[in-house]
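*Asks:* my questions are about this predicted structure, shown below with the sequence.
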Amino acid sequence: MQVTPFSDQELISQYLDGNERAFEELLNRHRNKIYTSIYLFVKDQSLAEDIFQEVFIKIINTLRSGKYNHEGKFVQWAMRIAYNMCVDQFRRKKRRPQVAPTETFDIFDVLHVTDDNMETSMIKSQTHQKIRHLVDNLPPEQREVVILRHYADMSFKEISQLTRVSINTALGRMRYALINIRKMIEEKEIILQ
């Protein structure tokens with residue numbers, strides 16, 4: 001007999017009825033997506049962990065106060081909170097996100113990739129570095145859409161809601177990001193394996 005997992009809304013209801021494990025399940029279900037998105041924006045592991053904790057404290061407080069509006073999906077709501085906290089952090093620091101690995105975290109470590117031989121692994125690693133560098137050199141609005149679309153795996157509708165722009169604007173920014181990446185590849189004669 002297959003057990004059907006509870007929906008996010010069912011877990012929220014259980015949590016509000018006093019079941020702490022329901023919230024733990026909800027957190028575990030969405031942890032990687034939310035943390036990875038935060039990290040890609042702030043580029044600092046300890047800061048990302050702090051913001052991640054702040055996001056879930058805000059979520060708990062909102063749920064307990066009865067102010068959660070469950071018309072939308074939980075993860076989109078949580079991503080909006082995370083995004084807004086990252087934006088607040090940038091305003092305080094006056095800097096923009098960069099997509100680049102650190103010694104302790106690399107987004108491509110989170111992605112599931114089949115085992116390759118050493119040569120293929122090296123080529124992929126070099127290609128990922130080249131792509132990250134190209135994304136880093138995009139204008140901020142275009143870089144933001146690329147991060148949310150390809151690294152946070154959000155739809156254009158989710159991106160438009162999160163960044164408070166129209167879907168057409170989000171699509172346009174992605175289009176220009178791709179055009180700019182192609183231009184940089186041609187100008188710098190970059191070869192992506």
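*Replies:* Happy to help now that I have it.

*Asks:* rest of the way, CA atoms for contacts and neighbours
*Replies:* Noted.

*Asks:* right, and the helix or strand after the lengthiest helix in the chain?
*Replies:* For the chain, the helix that runs over the most residues, judged by DSSP state H, is helix 20-42. Next along the chain after helix 20-42, taking DSSP states H and E as the criterion, comes helix 45-65.

*Asks:* for that following helix, C-alpha coordinates in CSV please.
*Replies:* This file holds the C-alpha atoms of helix 45-65, laid out as CSV (Å, rounded to 0.1, in the frame of the first residue of the first chain):
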residue,chain,number,x,y,z
GLN,A,45,27.5,30.6,3.4
SER,A,46,27.1,32.0,6.9
LEU,A,47,24.9,34.9,5.7
ALA,A,48,22.8,32.5,3.6
GLU,A,49,22.3,30.3,6.7
ASP,A,50,21.3,33.4,8.7
ILE,A,51,18.8,34.6,6.1
PHE,A,52,17.5,31.0,5.8
GLN,A,53,16.8,30.9,9.5
GLU,A,54,15.2,34.4,9.4
VAL,A,55,12.9,33.2,6.6
PHE,A,56,11.6,30.3,8.6
ILE,A,57,11.2,32.4,11.7
LYS,A,58,9.1,34.8,9.7
ILE,A,59,7.2,31.8,8.2
ILE,A,60,6.5,30.4,11.7
ASN,A,61,5.4,33.8,13.1
THR,A,62,3.1,34.4,10.1
LEU,A,63,1.5,31.0,10.4
ARG,A,64,1.1,31.3,14.2
SER,A,65,-0.5,34.7,13.9
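
*Asks:* average pLDDT across stretch 8-16?
*Replies:* The predicted model assigns stretch 8-16 a mean pLDDT of 89.

*Asks:* tell me which residues in it are buried?
*Replies:* Within stretch 8-16, the residues that count as buried by 16 or more other Cα atoms under 10 Å are 8, 11, 12, 14, 15, 16.

*Asks:* quick one: find the helix or strand in this structure with the lowest mean pLDDT.
*Replies:* Of all helical and strand segments in the chain, the minimum by mean pLDDT, DSSP states H and E falls on helix 107-110, at a mean of 48.

*Asks:* burial of residue 90, as a residue count?
*Replies:* 15 (other Cα atoms under 10 Å).
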